[in-house]
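Student: Pasting a predicted model and its sequence here:
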Amino acid sequence: MVYSFLFLIVLGALLPSDDTTTKTALDKTETSEAKATDTEKVSNPEEEGWAVKVISDTGWSGSIMGDGNSRTVDGRRTKTFPVSGDPWMVSATFQKSGESGDLKVQILKDGEIKGESETSAAYGVVSVTS
């Protein structure tokens, strides 16, 4: 009895569906790739406007100033932070949270590097203005 029930479940899963909107695995992959590409274009702050990019293989913390606003951030590894508005000056100061590793900070305008500074010193500090 149990085996016949399992057989019907498996057989039902193998039968074609009446759904006329069924896509092939290739269609689903292409759709997913298109969505990922669109999302990457929209969410990449390096491509348009001002941004501060922290490039590191260790932990760090710092502050970003631009357009009359200031904020503090912290994290690990590489991250990019958009700067809102159209500031006449952007400034960033960051410090490594440990002895090892490297820390580089870049100020970007429409993806172009406008200023950068880096350190590999223990608990090193970088400051850059553009």
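Tutor: Happy to help now that I have it.

Student: any idea where the strands of this structure begin and end?
Tutor: Counting by DSSP state E, the chain has strands at residues 50-56, 59-66, 69-76, 79-83, 90-96, 103-109, 112-119, 125-129.

Student: and the first one, which strands flank it?
Tutor: Translated: strand 50-56. strand 79-83 (antiparallel), strand 103-109 (antiparallel) (DSSP bridges).

Student: Burial check on residue 88, number of neighbours?
Tutor: Residue crowding around residue 88 was assessed by other Cβ atoms under 10 Å; the count is 8. Yep, even glycine has a C-beta here, placed from its N, CA and C like the rest.

Student: likewise residue 112?
Tutor: Neighbour tally, residue 112, other Cβ under 10 Å: 9.

Student: Is it bridged to anything, and to what?
Tutor: residue 109.

Student: swap in the one 5 residues further on?
Tutor: Listed by DSSP bridges, the beta-bridge partners for residue 117 are residue 105.

Student: any idea of the pLDDT on it?
Tutor: Listed pLDDT for residue 117 reads 97.

Student: ok, now which ones touch it?
Tutor: 104, 105, 126, 127, 128 (Cβ atoms under 8 Å, 6 or more residues apart in numbering).

Student: just the residues you listed now: which is nearest residue 112?
Tutor: Nearest to residue 112, judged by Cβ to Cβ, of those is residue 128 at 14.3 Å.
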